[in-house]
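Asker: Model the following, please.
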Amino acid sequence: MRISELSRRSAVPTATIKYYLREGLLPPGRATAATQAEYDEGHLRRLRLVRALIGVRGLSVSATREVLGAVAEHAGERHQVLGLVLGARPVDEDAPEPEPAPGAAEVDALIDALGWEVSEHAPARAVLGETLETLRSLGAALDPATLRGYAELAERTAVLDLEQLDPAADPLEQAERALLRTVLLEPALLALRRLAQENESARRGG
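Answerer: Numbering: from 1, shown residues only. Predicted structure coming up:
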């Protein structure tokens, strides 16, 4: 397809596509003339992923380039590709182990008890640990059984998340879909929780 068709199908302006080409986020098209090139479905899938990384996840151009480079190294490894795109895996695999964050021991114990396979580099570990420490400092600590209950609900949500991915789809298409569903669906999940809380309160209050 011509660049105008690529722009139409991706909803990305032509000027932006040319910028991504100059920055190395998209590979060059097949030259058909001195100033013209053709692009294929692979360009379209990669362009959509670039747009999601920058526009939805909020990465810089340089960070996006690093993620795409790491994704290329792990082509065919869906678990690794999804982890890189969602920020659950480090781009630099040789990065040193992170310093233990507040609440790290509690988070480690929870993950071990559930039998989850989670990277030591996963940013969500630190977020969870810091949140648990904040709750504890405010006198609202979660007991282990309650925390596990929340974790089991999250596990069921993760099953629904991954079931939405077409196993036969191209890895870049899967990565884009996972990123959009993860980032854009989170406010909806919070809204559903609020609605459920109101319903449960009404039910208990008669």
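Asker: show me where the chain has helices.
Answerer: 3-10, 14-22, 41-55, 61-73, 78-86, 104-114, 123-137, 144-163, 171-205 (DSSP state H).
Asker: which secondary structure elements does the first one contact?
Answerer: The elements that helix 3-10 packs onto, with contact taken as 3 or more Cβ pairs under 8 Å, 6 or more residues apart in numbering; DSSP states H and E, are helix 14-22, helix 41-55. C-beta here means a position set from N, CA and C on the backbone, and glycine is covered the same way.
Asker: ok so, going back, reformat the helices of the chain as TSV; add mean neighbour count.
Answerer: Converted to TSV, those look like this (neighbours: other Cβ atoms under 10 Å):
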stretch	mean neighbour count
helix 3-10	16
helix 14-22	15
helix 41-55	20
helix 61-73	17
helix 78-86	20
helix 104-114	16
helix 123-137	16
helix 144-163	12
helix 171-205	13
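Asker: Nearest to Thr32 among those would be which one?
Answerer: Nearest to Thr32 among the helices of the chain is helix 3-10 (11.0 Å), distances taken as Cβ to Cβ.
Asker: centroid residue for this structure?
Answerer: Leu86 (2.3 Å; Cα atoms, centre = their mean).
Asker: Surely it is in contact with Leu179?
Answerer: Yes. With contact defined as Cβ atoms under 8 Å, Leu86 counts as touching Leu179 (6.3 Å).
Asker: For Tyr20, give its distance to Val12.
Answerer: Remark: distance between Tyr20 and Val12 (Cβ to Cβ, to the nearest Å) = 8 Å.
Asker: Quick check: neighbours shared by the two?
Answerer: Leu47 (Cβ atoms under 8 Å, 6 or more residues apart in numbering).
Asker: tell me the contacts of Glu176?
Answerer: Arg45, Arg48, Leu49, Ala52, Val85.
Asker: closest to Asp112 among those?
Answerer: Relative to Asp112, and with distances defined as Cβ to Cβ, the nearest of those is Val85, at 26.4 Å.
Asker: what sits against that closest one?
Answerer: Leu49, Leu53, Arg57, Val67, Val71, Ala175, Glu176, Ala178, Leu179.
Asker: Show me the shaky parts of the chain.
Answerer: Within the chain, the segments meeting pLDDT under 70 span 93-98, 206.
Asker: Am I right that Leu84 is in contact with Ala70?
Answerer: Yes. Leu84 is within contact range of Ala70, at 5.1 Å (criterion: Cβ under 8 Å).
Asker: For those two, list the residues in contact with both.
Answerer: Common neighbours of Leu84 and Ala70 (Cβ under 8 Å, 6+ apart) are Val91.
Asker: Please name the spatially closest residue to Val50 (chain neighbours excluded).
Answerer: Spatial nearest neighbour of Val50, chain neighbours left out: Leu25 (5.0 Å); criterion: Cβ to Cβ, 6 or more residues apart in numbering.
Asker: Report how many residues lie close to that neighbour.
Answerer: 21 (other Cβ atoms under 10 Å).
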